[in-house]
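Peer 1: Predicted model follows, preceded by the sequence.
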Amino acid sequence: MKAAVFSSTHISSHPFLQIEDLPRPQLVAGNVLLRVIACGVCRTDLHIVEGDLPPLRPRLVPGHQIVGEVVEGATLELPLGMRVGVSWMGGVDGKCWYCHHGMENLCDKPVFTGYTVDGGYAEYVLARADFTFPLPPGLDDVHVAPLLCAGIIGFRSLRVAGVEKGERVGLFGFGSSASLAIAILQSWNCEVYVATRGESHRRRAASMGATWVGKEDEKPAVMLDRAITFAPSGKVVVSALASLRKGGVVAINAIHLDQMPAFNYDTLLWGERQIRSVANMTRQDASDFLKIAHELRIRPNVTVFALDDANEALMAVKEETEDGSAVIVP
Ligand SMILES: [Zn+2]
Ligand SMILES: [Zn+2]
């Protein structure tokens, strides 16, 4: 099969995947073999190939927003030919304290698709059957792909931030994840304030009905109840804190941040303001979000790339040149 392969000896500040012919993965008990139909590109993929996240394997096929078709290892729940999704959370041990306390997203021995195991920048992928889920009808393959991490994790971020109906919510950064979360916030009658670097992202936020849109260092005129930061920048977390009312919460939706600058406790954190981080997702998040996405008819903007152009797809995410989500179609 054809695959885009990351090599840990080739880490640079630009994506450098090589298109290779690899053997098709062998079916293993408890897994299903999928023919990849589409695979969304996530900022985490960029962090992996640029070495912001430590390489865990010498060679890796990235990609964890996989839409595929079951071709081997079918089960009653996952019959042959069924269209299914695989996300970042590719498995847990089911034994650790976190798994036993409903926090499988924090499992001590997690499997991460496209990081600890090969992912979907390929024609075929092996996935654990218990972490492969049927996809709702109504969205075609390339439009459903970005829901599988960007969408689910954006939704989890709203939960972690404790967003309640009618609140004022700030979104700092407006890539794939934020642009999917805004529809849910609007359905909860929240006012949405978007601060983001990319000009095309600001335009898109405005066109999606954000109450206020500004640059990443601009501050809305009102105090926010909640803020979610999507940019991989510690500075943005401090900007978000500066816009927060007493008792407000900042949730950081980023697997990697550059250093957070020193900030003034008395004015920025005192008053029971809280900073939380969002890590991974649970299967419950996935099924809850996909249900809501189906009800709200959430349809992401996508730009399609061929597998041969995987590096260009990653660059588009890095440079924020696309208005929505990049999706690779092998
Ligand atoms: Zn566990
Ligand atoms: Zn992701």
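Peer 2: That came through, no problem. Ligands and ions are numbered 1, 2, ... in the order given.
Peer 1: can you pull the pLDDT of whichever residue of the stretch 51-200 of the chain sits closest to ligand 2?
Peer 2: Nearest residue of the stretch 51-200 of the chain to ligand 2 (C-beta to the ion) works out as Cys149 at 3.2 Å. The way it works is simple: take the backbone N, C-alpha and C, and place the C-beta from them, glycine included. With respect to pLDDT, Cys149 scores 96.
Peer 1: Tell me if I'm right that it and Thr44 touch.
Peer 2: Yes. At 7.3 Å, Cys149 counts as touching Thr44 under the criterion of C-beta atoms under 8 Å.
Peer 1: Comparing these two, which shows the higher neighbour count?
Peer 2: Set side by side, Cys149 and Thr44 show more neighbours around Cys149, with 32 against 25, by other C-beta atoms under 10 Å.
Peer 1: which residues does that one contact?
Peer 2: 40, 42, 44, 64-65, 87-88, 177, 281 (C-beta atoms under 8 Å, 6 or more residues apart in numbering).
Peer 1: near ligand 2, from those residues?
Peer 2: Among the contacts of Cys149, the ones lying near ligand 2 by C-beta under 5 Å from the ion are 42, 44, 88.
Peer 1: I'd like the average pLDDT over stretch 86-97.
Peer 2: Per-residue pLDDT over stretch 86-97 has a mean of 98.
Peer 1: Walk me through the domains of this structure.
Peer 2: 2-147+282-292+300-329, 151-277 (automatic domain parsing).
Peer 1: ends of the first one, how far apart?
Peer 2: Using C-alpha to C-alpha, to the nearest Å, the span of domain 2-147+282-292+300-329 from its first residue to its last is 12 Å.
Peer 1: just stretch 122-141 next, same as before
Peer 2: Start-to-end, stretch 122-141 (C-alpha to C-alpha) is 15 Å.
Peer 1: Now do the buried residues in it.
Peer 2: 122-133, 135-136, 139, 141 (16 or more other C-beta atoms under 10 Å).
Peer 1: swap in stretch 69-79?
Peer 2: 69-70, 72-73, 78.
Peer 1: Make CSV out of those and add pLDDT.
Peer 2: As requested, the buried residues of stretch 69-79 are exported to CSV (pLDDT from 0 to 100):
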residue, pLDDT
Glu69, 98
Val70, 98
Glu72, 98
Gly73, 97
Leu78, 97
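Peer 1: Max pairwise distance over the residues you listed: which two?
Peer 2: The distance between the two most remote of the buried residues of stretch 69-79 (C-beta to C-beta) is 12.3 Å, for Glu69 and Gly73.
Peer 1: which SS class is Ala127?
Peer 2: The local conformation at Ala127, judged by DSSP: H, G, I helix; E, B strand; the rest coil, is strand.
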